[in-house]
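Engineer: 3D, please:
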Amino acid sequence: PGQGPDDDPVSALLGTLRWRMAPALAARGIELHWRCDALPADFLARDVERMHLMRFWQEAFTNVLKHSQARMARFAATTQEGQVRMQLTDDGLGFETEGLQGIGLGSMRARGSAIAARFDQVTGDHHAGATDAGAAVDVDTTAARQQIAQLHQHVDHLLAVVRQPVIAQREALVVGAVGQ
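Structural biologist: Prediction:
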């Protein structure tokens, strides 16, 4: 059986985002190209994680609308060997990355961190009028999620080590109580 929207809630939310953003982009003359693979069922399993992801991409699209002067924007959510990568690129003006501390970008950094995602901003040379000018926002949760899984394993191991003496003490008390 194939995955349904209940099995892949992130793709369903991204579809809603597309439905909301496509008309706004078209009204500004920006052509939207969209690709969204089926995402792993356990990707961003908690509602709060999915909310951070949606707000992140809403801000990214808002930046394209407000600042890029782009003619085309491309969004892709892809999976490869269970790893998820999402990217938004445009062919607009690009932006200065040095010293850039806008509220929106700060919010995007915080939301990316909240979902353990690596967040990269790349921009073309907007001063030279290069054909590859524009911006790319890249979110890759792979490495961070692997680190979190390793931390969870480490915590589980530590808890097991801590519990062993406690269990041994309980058993000793039970044996002592039975022997009396």
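
Engineer: From now on I want contacts and neighbour counts done on CA atoms only, so please keep to that.
Structural biologist: Will do.

Engineer: Distance of Leu88 relative to Gln121?
Structural biologist: Applying CA to CA, to the nearest Å, the value for Leu88 to Gln121 is 10 Å.

Engineer: and if you look at Ala12?
Structural biologist: 25 Å.

Engineer: what about the closest residue to Val84 other than its chain neighbours, is that helix, strand or coil?
Structural biologist: Closest residue to Val84 apart from its sequence neighbours, by CA to CA, 6 or more residues apart in numbering: Thr78 at 5.8 Å. Under the three-state scheme (DSSP: H, G, I helix; E, B strand; the rest coil), Thr78 adopts strand.

Engineer: hang on, Thr78 packs against Leu88?
Structural biologist: No. If you go by CA atoms under 8 Å, Thr78 and Leu88 don't touch, sitting 11.7 Å apart.

Engineer: Pick out whichever of those two has more residues nearby.
Structural biologist: Higher neighbour count among Thr78 and Leu88: Leu88, with 21 against 17, using other CA atoms under 10 Å.

Engineer: pLDDT of the helix or strand harbouring that one, averaged?
Structural biologist: Using DSSP states H and E, Leu88 sits within strand 83-90. Average pLDDT, strand 83-90: 86.

Engineer: Only alpha carbons, please: show it as CSV.
Structural biologist: What follows is strand 83-90, C-alpha atoms only, in CSV (Å, rounded to 0.1, in the frame of the first residue of the first chain):
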residue,chain,number,x,y,z
GLN,A,83,17.8,11.5,4.3
VAL,A,84,15.7,14.6,3.7
ARG,A,85,16.9,17.7,2.0
MET,A,86,14.8,20.8,1.2
GLN,A,87,15.9,23.7,-0.9
LEU,A,88,14.5,26.9,-2.2
THR,A,89,16.4,28.7,-5.0
ASP,A,90,15.6,31.8,-7.1
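
Engineer: Show me what it is packed against.
Structural biologist: strand 72-80, strand 135-140, helix 142-179 (3 or more CA pairs under 8 Å, 6 or more residues apart in numbering; DSSP states H and E).

Engineer: Where does the prediction get shaky in the protein?
Structural biologist: The model of the chain has pLDDT under 70 over residues 1-6, 82, 95-102, 122, 124-150, 166-170, 172-180.

Engineer: If we use 50, what do you get?
Structural biologist: 1-2, 5, 127-133 (pLDDT under 50).

Engineer: Could you confirm Leu13 falls within a strand?
Structural biologist: No. Assessed with three-state DSSP, Leu13 is helix; it does not lie in a strand.

Engineer: Noted, bye for now.
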